[in-house]
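Colleague: I would like the atomic coordinates for the input below:
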Amino acid sequence: MSDFWNNISRYPRFFISSLAGLILIILSPFKNLFKIPKLRIFLYIGIVVFFTLLYLIIYNMVGL
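Modeller: Numbering: from 1, shown residues only. Okay, here's the model as predicted:
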């Protein structure tokens with residue numbers, strides 16, 4: 001029975017490491033865009049547009 005609880009206690013650590021790996025894999029193409037000065041401005045604009053849209057969506061969902 002102690003093996004069961006030992007395995008159960010490992011799941012949160014596995015979840016966190018899997019999630020961290022997934023985030024790193026998803027963000028790696030954006031890291032490569034920062035190396036090219038010409039494309040860097042488009043990445044900055046994309047980040048600003050993303051957070052602006054996120055703010056507007058959440059603001060309208062709250063109903064203020």
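Colleague: could you use CA atoms for every contact and neighbour count after this?
Modeller: Noted.
Colleague: care to break this structure down by domain?
Modeller: 1-28, 34-64 (automatic domain parsing).
Colleague: turn the ones you listed into a markdown table, columns for mean neighbour count and mean pLDDT.
Modeller: Output for these, formatted as a markdown table (neighbours: other C-alpha atoms under 10 Å; pLDDT from 0 to 100):
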| stretch | mean neighbour count | mean pLDDT |
| --- | --- | --- |
| domain 1-28 | 10 | 90 |
| domain 34-64 | 11 | 90 |
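Colleague: and the helix or strand harbouring Phe30, what does it pack onto?
Modeller: In this assignment (DSSP states H and E), Phe30 forms part of helix 2-33. Secondary-structure packing of helix 2-33 (3 or more C-alpha pairs under 8 Å, 6 or more residues apart in numbering; DSSP states H and E): helix 37-62.
Colleague: next, the angle helix 2-33 makes with the helix it packs on.
Modeller: Interaxial angle of helix 37-62 relative to helix 2-33 (axes from the mean of the first three to the mean of the last three C-alpha atoms, to 10 degrees): 120 degrees.
Colleague: which strands and helices sit next to helix 37-62?
Modeller: Using 3+ C-alpha pairs under 8 Å, 6+ apart, helix 37-62 sits against helix 2-33.
Colleague: so how far is Pro29 from the spatially most central residue of the chain?
Modeller: In the chain, the centroid-proximal residue (C-alpha atoms, centre = their mean) is Ile23; its distance is 5.1 Å. Distance of Ile23 to Pro29, given as C-alpha to C-alpha, to the nearest Å: 11 Å.
Colleague: how about Gly63?
Modeller: 36 Å.
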